[in-house]
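Engineer: fold the following and give me the result.
(chains A and B)
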Amino acid sequence: MLLFWRTLQALPQAWRQRQKVMEQFFEIGNASLLMVCILSFFIGGVIALNFGPALVERSLASAVGGVVGLAIAKELAPVMMAILIAGRIGSAMAAEIGSMRVYQEIDALRTMNINPIHYLVLPRILALAAALPMLVIFSILIGWFGGSVVANFNHLMDIPFRVFFANMKDIVELGDVVNGVFKSFCFAVIIGTVSCHQGLTTIGGPRGIGRSVTKAVVNSIVLIVIFDYILTRFLLK
Amino acid sequence: MKSPNPTISGGVGLIVRGLRKSFGDQEVIRGIDFEVRPGEIFVIMGPSGSGKSVLLKHLIGLETPDAGEILINHEPITTPEIAAKYRMALVFQSGALLNSLTVGENVGLYLTEHRLNTAEEIEKIVAEKLADVGLKDAIHKMPGELSGGMKKRAAIARALVIRPQLILYDEPTSELDPISSVVIGNEILGLNRRIGVTSLVVSHDRDLAFGVADRIAVMSEGKILTISTPAEVKNFKDPLVQNFLNADFKREN
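Structural biologist: Numbering: from 1, shown residues only, chains lettered A, B, ... in the order given. Take a look at the predicted model:
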């Protein structure tokens, strides 16, 4: 909480740190885009596969698009992508900052009167807060596409693309997508803060770095799931 | 981030009074008093684990003492404006260069982050400081590509960019071969003579200490045993000091 507060206080420095934010942003996008595509396609597919046949059996084939669309936009894309980013980027952040701490690089910054929160934490949290919502928008689109492909080609459903997307259009509103994207923004702040905090409080040698990485990922995932419930309850119409 | 006043130059004085520090039950610094005069090379010697590095961290503000005070030019180091008023640099034992930046970026980091000069000026200053420590060709190398001695010299160059009034060296010759140690020793002396920077060297290297020091303090188990000129320290009768200074081994045939 303290780190989060200090990062908020450092926000006026954001423009000054824009180059580092862009570097981190590129790093996050570059490292995660392919994984986001693969994961989202199959998540969409598996949701269609799980719910589609049951709905078709009850003559609700026209609802498959809506169910898949809603589940992905509001829940699965933001949560799964946040977990993916916690594992992939949060761990890297904790390891990098942790090793900087262990090898006295952060002390060196302090002796040069360079605030590690401005130099290391702020750019990472800002880049994550910008990148994760974008990745989630991407994930929602790919997930919908994955769901429609499975609904179309699976012999238990055989739902044409046109019907699938028409139903999705009826049920899923722009607000639902905004809801999911907003959640992902909150998750990004959680991942960035937790991972940087773990990195900055690393003690010991390589074992300490390993411990920080594990704690960064586990704590991020636990907080994502808890905040997912809180945010969903809060955003419920 | 406040940047120090560039108009103040020359070495600063340092006074340490009644400094104490414990980690858990272990008291690492047990009431230390000493004074470093402006422009002096002051060496703190002592065996490993005597509290030298912890003391150094207090002097640069990386650790907070349990008791006692540290004064820079008679102003407490805890004063919020102290970092903005005086320029201090610490050359870490390991160099502590940022591994994700090139040597040139490391050396210019202070100027870049505090926006004290234009990019062209920073490039020029960095090249100049690296040339001063004989690392002109390493400007685009990553720290991982440097030897131990080169890393320390790059760390000195990074400290020089700050144009320090007080420079602290933590074991500057540890892990170095005798020739590199001499290069570093000459560097410490040369800097002191050229820019009049107050230098505080923490080391257990007897050759370095007696080669560069104006005065030497010998530390053991968190206390200072003596503070004198090199010649006086050599003749100091305390058995702990004599043991440390004359420790030697010979192969028995």
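Engineer: mind listing what's buried in stretch B:171-190?
Structural biologist: The neighbour-count check on stretch B:171-190 (16 or more other CB atoms under 10 Å in any protein chain shown) flags B:171-174, B:176, B:180-181, B:183-185, B:187-188 as buried. Heads up, the C-betas are built off the backbone N, CA and C, glycines and all.
Engineer: please tabulate those residues in a markdown table, including the columns pLDDT and secondary structure.
Structural biologist: What follows is those, written out as a markdown table (pLDDT from 0 to 100; DSSP: H, G, I helix; E, B strand; the rest coil):
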| residue | pLDDT | secondary structure |
| --- | --- | --- |
| B:Glu171 | 88 | coil |
| B:Pro172 | 86 | coil |
| B:Thr173 | 85 | coil |
| B:Ser174 | 82 | coil |
| B:Leu176 | 78 | coil |
| B:Ser180 | 78 | helix |
| B:Ser181 | 84 | helix |
| B:Val183 | 82 | helix |
| B:Ile184 | 82 | helix |
| B:Gly185 | 88 | helix |
| B:Glu187 | 83 | helix |
| B:Ile188 | 88 | helix |
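Engineer: export those as CSV, with columns for distance to B:Val12.
Structural biologist: What follows is these, written out as CSV (distance: CB to CB, whole Å):
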residue, distance to B:Val12
B:Glu171, 22
B:Pro172, 20
B:Thr173, 24
B:Ser174, 26
B:Leu176, 28
B:Ser180, 29
B:Ser181, 27
B:Val183, 26
B:Ile184, 23
B:Gly185, 23
B:Glu187, 20
B:Ile188, 17
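Engineer: and which of these is nearest to B:Val36?
Structural biologist: Checking the buried residues of stretch B:171-190 against B:Val36 by CB to CB gives B:Ile188 as the nearest, at 14.1 Å.
Engineer: for that closest one, give its distance to B:Glu128.
Structural biologist: 19 Å (CB to CB, to the nearest Å).
Engineer: cool, B:Pro230 as well?
Structural biologist: From B:Pro230 over to B:Glu128 the distance is 32 Å, taken as CB to CB.
Engineer: got it, and A:Glu173?
Structural biologist: According to CB to CB, A:Glu173 stands 63 Å off from B:Glu128.
Engineer: A:Ile226 too?
Structural biologist: Spatial separation of A:Ile226 from B:Glu128 under the definition CB to CB is 54 Å.
Engineer: neighbour-wise, which of the two wins?
Structural biologist: Set side by side, A:Ile226 and B:Glu128 show unequal neighbour counts under other CB atoms under 10 Å in any protein chain shown, the larger going to B:Glu128 at 14 against 11.
Engineer: and the host helix or strand of the more buried one, what's buried?
Structural biologist: Secondary-structure element containing B:Glu128, defined by DSSP states H and E: helix B:119-132. Residues of helix B:119-132 classed as buried under the neighbour-count rule (16+ other CB under 10 Å) are B:122, B:125-126, B:129-130, B:132.
Engineer: up against chain A, what does the stretch 151-253 of chain B have?
Structural biologist: Residues of the stretch 151-253 of chain B lying close to chain A (CB under 8 Å from any CB of the partner chain) are B:158, B:162.
Engineer: where does chain B dip in pLDDT?
Structural biologist: Counting by pLDDT under 70, the ranges of chain B that qualify are B:1-9, B:253.
Engineer: how about the closest residue to A:Glu96 other than its chain neighbours, what does it touch?
Structural biologist: The spatially closest residue to A:Glu96, leaving aside those adjacent along the chain, is A:Gly199, at 6.8 Å (CB to CB, 6 or more residues apart in numbering or on different chains). A:Gly199 makes contacts with A:93-98, A:100-101, A:120, A:212, A:216, as judged by CB atoms under 8 Å, 6 or more residues apart in numbering or on different chains.
Engineer: what strand or helix carries A:Gly199?
Structural biologist: A:Gly199 belongs to helix A:174-200 when elements are defined using DSSP H and E.
Engineer: may I see the buried residues of the next helix or strand after that helix?
Structural biologist: Toward the C-terminus, helix A:174-200 is succeeded by helix A:206-235 as the next helix or strand (DSSP H and E). By neighbour count with 16+ other CB under 10 Å, helix A:206-235 contains the buried residues A:208-209, A:211-213, A:215-217, A:219-221, A:223-224, A:227-228, A:231.
Engineer: would you mind measuring from B:Ser174 to B:Asp205?
Structural biologist: When distance is defined by CB to CB, B:Ser174 is 7 Å away from B:Asp205.
Engineer: ugh, wrong one, I meant A:Ile191
Structural biologist: Distance from A:Ile191 to B:Asp205, counting by CB to CB: 46 Å.
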